[in-house]
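Q: Structure, please.
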Amino acid sequence: MREMIQAFWPQFVAAFSLLLSLGTAGHAIIYKRDSRAAVAWVGLIWLAPFVGPLLYILLGINRVRRRAAGILGEQSAHLASLESFACSPMELAAQLPDDRAHLIEMARLHGRLTQLDLLKGNKVEPLYNGDEVYPAMLEAIEKAERSVTLTTYIFANDRAGHRFVEALSAAVARGVAVRVLIDSVGARYSIPPVTHRLRMNGVPTARFMPSFLPWFTPYFNLRSHRKILVVDGRLGFTGGMNIRAGNVLADEPPHPTCDMHFRVTGPVVHELQATFVADWQYTTREVLKGETWFAPLDDVGPVIARAVPDGPDKDYDKMRMAFLGALSVAERSVRIVTPYFLPDASLISALNTCALRGVQVDIVIPAENNLKMVAWASMAQMWQILEWGCRVWMTAPPFDHSKLLVVDGAWSLIGSANWDPRSLRLNFELGLECYDVALARQLDGHVDELIGEARPLSLDDVNGRILPVKLRDGMARLFAPYL
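A: Residues are numbered from 1 along each chain as shown. The predicted model follows:
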């Protein structure tokens, strides 16, 4: 036998490689929804034996197979109490100005898309940077009486993170039920990760989708990019801000980051909590239910709102479709703030169609990005946005990580999602759509401030790049699906 193996090992290796390539290529052909992605993976699999199939196994296969029936059943039970707050199209029409009645069509679309009710009676307050956000979140944790749930992508083991560890630990010591869920890759942005400190202090902590890859692979697929804090089942925080010292601008960190987060009260907090509960149940198999986690809620404000969960499982493609729905309905203005702008062909067409219909489309992105390849890839396709009348604005440092979409001065989408393939296809995200003129006016004012201090990017600027830069940006764009 040994002699046979020694004599024929090249044939054995070749046969194994062939079978591996056939299996992985077949999987990509059958299960990849995007034909371009399928072609790219099949090409890589056959052109790079062993390496291509291995990369596909690690990065190309969606391993998230939630036990949907059980988790969805629990979510339905949690949200059943919200029926009295459900907002009908007629009630929404009465809340909106007469010239924004077309937004009702978007509410219908998103209702079918999310299978969640649009809820009246909410209050949504914008908070800016860690200077405002962290004190508000910490105060809420310190006043918690029954429960605290927190999920985030990055929970840094630094000065800001330590303050949250102390507040969460004190809550546990008071007898508050605490659950903390941190993305496995996001936890590795600090060495050592903060998870050890949390567990040493008795804080029940779990990592979402643990990966055995080393820390330097921050783009491993299927990450939880959601940011949710719910206290006593009544008070919520959500948006795009991680927990790390760089967000506190008053401390003059070496790498400052601007960002936004939102304080939320009212019935829609239960939809935020239900999203956390589903993620926690998937990760730990523990079911959280009852008034400890879902307290009775009241009408507290004028905002009509709904959660928009998105992820590469049962919620696949919902955020991208929400973006497309908003762009198709817009009549006056579309205001986009995002740190990473790599829209696919359908979103590019929708943005251009908006501009051609006479809608003013403003896209605000950082002039200096913390992810260079993303910035290069974005610049390579920017001409497709500019040539049909969309306006692009480049904000000066510090880097702005905010994520906003405001349409026609009456509808806003806030949350964790970026305008890139990773957010819209590979990550678990959470958005919150809000129908309220006052809130939209406040967010429009913030966008106006950003634009007032930004420089416009013109088609001449893009076309005027020197050849080596164009080649660099074009090469980066080839990797756009993986950035």
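Q: those strands in the stretch 201-350 of the chain, which residues are they?
A: With strands called from DSSP state E, counting those that start in this stretch, the stretch 201-350 of the chain shows them at 205-208, 228-231, 235-239, 257-258, 260-265, 303-310, 333-337.
Q: shaky segments in this structure?
A: 1-9, 33-34, 36, 58-80, 211-221, 481-483 (pLDDT under 70).
Q: just checking, what's the longest helix in it?
A: Looking across the chain with DSSP state H, the single longest helix is helix 2-31.
Q: helices or strands up against that helix?
A: helix 35-47, helix 51-55 (3 or more CB pairs under 8 Å, 6 or more residues apart in numbering; DSSP states H and E). C-betas here are computed from N, CA, C, even on glycine.
Q: Arrange the ones you listed in a markdown table, one row each, with distance to residue 289 and mean neighbour count as further columns.
A: Output for these, formatted as a markdown table (distance: least, CB to CB, whole Å; neighbours: other CB atoms under 10 Å):
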| stretch | distance to residue 289 | mean neighbour count |
| --- | --- | --- |
| helix 35-47 | 38 | 16 |
| helix 51-55 | 40 | 17 |
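Q: Switch those helices over to JSON lines; also include distance to residue 305.
A: Output for the helices and strands packed on helix 2-31, formatted as JSON lines (distance: least, CB to CB, whole Å):
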{"stretch": "helix 35-47", "distance to residue 305": "33"}
{"stretch": "helix 51-55", "distance to residue 305": "40"}
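Q: circling back: what's the angle between the longest helix of the chain and helix 35-47?
A: Interaxial angle, helix 2-31 versus helix 35-47 (axes from the mean of the first three to the mean of the last three CA atoms, to 10 degrees): 170 degrees.
Q: Tell me the spacing between residue 282 and residue 314.
A: 11 Å (CB to CB, to the nearest Å).
Q: Those two: which is more packed in?
A: A direct count of neighbours by other CB atoms under 10 Å for residue 282 and residue 314 places residue 282 higher, at 21 against 15.
Q: per-domain residue ranges of this protein.
A: According to automatic domain parsing, the chain comprises the domains 2-60, 68-94+119-306, 318-482.
Q: Quick one: closest of those domains to residue 106.
A: domain 318-482 (4.6 Å; CB to CB).
Q: distance of residue 443 from residue 38?
A: 38 Å.
Q: Settle this for me: residue 124 is touching residue 438, isn't it.
A: No - using CB atoms under 8 Å, residue 124 makes no contact with residue 438, being 9.9 Å away.
Q: closest one to residue 112 among the domains of the chain?
A: Using CB to CB, the domains of the chain put domain 318-482 closest to residue 112, at 9.9 Å.
Q: one step back: can you add distance to residue 399 and mean neighbour count and give the strands of the stretch 201-350 of the chain back as JSON lines?
A: Output for those, formatted as JSON lines (distance: least, CB to CB, whole Å; neighbours: other CB under 10 Å):
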{"stretch": "strand 205-208", "distance to residue 399": "25", "mean neighbour count": "22"}
{"stretch": "strand 228-231", "distance to residue 399": "23", "mean neighbour count": "27"}
{"stretch": "strand 235-239", "distance to residue 399": "16", "mean neighbour count": "25"}
{"stretch": "strand 257-258", "distance to residue 399": "5", "mean neighbour count": "22"}
{"stretch": "strand 260-265", "distance to residue 399": "13", "mean neighbour count": "23"}
{"stretch": "strand 303-310", "distance to residue 399": "24", "mean neighbour count": "26"}
{"stretch": "strand 333-337", "distance to residue 399": "13", "mean neighbour count": "23"}
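Q: can you list these in TSV and add distance to residue 365?
A: Converted to TSV, the strands of the stretch 201-350 of the chain look like this (distance: least, CB to CB, whole Å):
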stretch	distance to residue 365
strand 205-208	28
strand 228-231	25
strand 235-239	18
strand 257-258	13
strand 260-265	15
strand 303-310	21
strand 333-337	8
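Q: Can you check which of the ones you listed gets nearest to residue 107?
A: strand 303-310 (8.1 Å).
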